[in-house]
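Undergrad: Take this sequence and fold it.
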Amino acid sequence: MSNKNTSEIKFLIELDDNRVPEKLMWSAKDGGVEQEEAKAIMLSIWDSKAKESMRIDLWTKDMPVDEMKIFFHQTLVAMSETFKRATDDEKMADTMKDFCDYFAEKLELTK
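TA: Predicted structure coming up:
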């Protein structure tokens with residue numbers, strides 16, 4: 001019998017009476033995270049049988065719009081970096097980064 005390592009990431013979502021997230025908490029013990037509060041979560045999961053991605057996008061009702069714009073920008077930048085590492089397609093990764101720069105400029109996120 002093989003000895004397999006496992007790791008667990010947990011999300012706890014507190015909802016109001018209308019099932020709108022009021023509080024998001026997450027834990028990843030292997031990463032040293034225990035019940036940390038978050039204002040937004042974007043999770044993508046690949047279903048290889050259906051050949052499609054499934055998503056969970058949640059944010060608390062008190063998430064400020066200006067922070068949501070920054071969150072989106074940082075997520076897009078991270079996706080371009082992940083795309084490069086996963087595919088080794090430097091040309092498309094650079095195109096994605098160009099879009100991230102454009103996105104930041106249009107939202108006036110650049111300093």
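
Undergrad: use CA for all of it now, contacts and neighbours both
TA: Noted.

Undergrad: Which secondary structure elements does the helix or strand hosting residue 79 sit against?
TA: According to DSSP states H and E, residue 79 maps onto helix 65-87. With contacts taken as 3 or more CA pairs under 8 Å, 6 or more residues apart in numbering; DSSP states H and E, helix 65-87 sits against helix 90-106.

Undergrad: how about a cut-off of 10 Å?
TA: Packing contacts for helix 65-87, counted by 3 or more CA pairs under 10 Å, 6 or more residues apart in numbering; DSSP states H and E, involve strand 40-47, helix 90-106.

Undergrad: Just the buried positions in the last one, please.
TA: What that stands for is helix 90-106. Neighbour counts over helix 90-106 (16 or more other CA atoms under 10 Å) mark 93, 96-97, 99-101, 103-104 as buried.

Undergrad: how about the residues you listed in CSV, adding distance to residue 40?
TA: CSV is the format used below for those (distance: CA to CA, whole Å):
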residue, distance to residue 40
93, 25
96, 23
97, 22
99, 22
100, 20
101, 22
103, 19
104, 19
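
Undergrad: Skipping adjacent residues, who's closest to the residue nearest to the spatial centre of the chain in space?
TA: The chain has residue 42 as the residue nearest its centroid, 3.8 Å off, counting by CA atoms, centre = their mean. With CA to CA, 6 or more residues apart in numbering as the criterion, residue 42 has its nearest non-adjacent residue at 4.6 Å, and that residue is residue 57.

Undergrad: again with residue 59
TA: Leaving aside its sequence neighbours, residue 59 sits nearest to residue 40 (CA to CA, 6+ apart; 4.0 Å).
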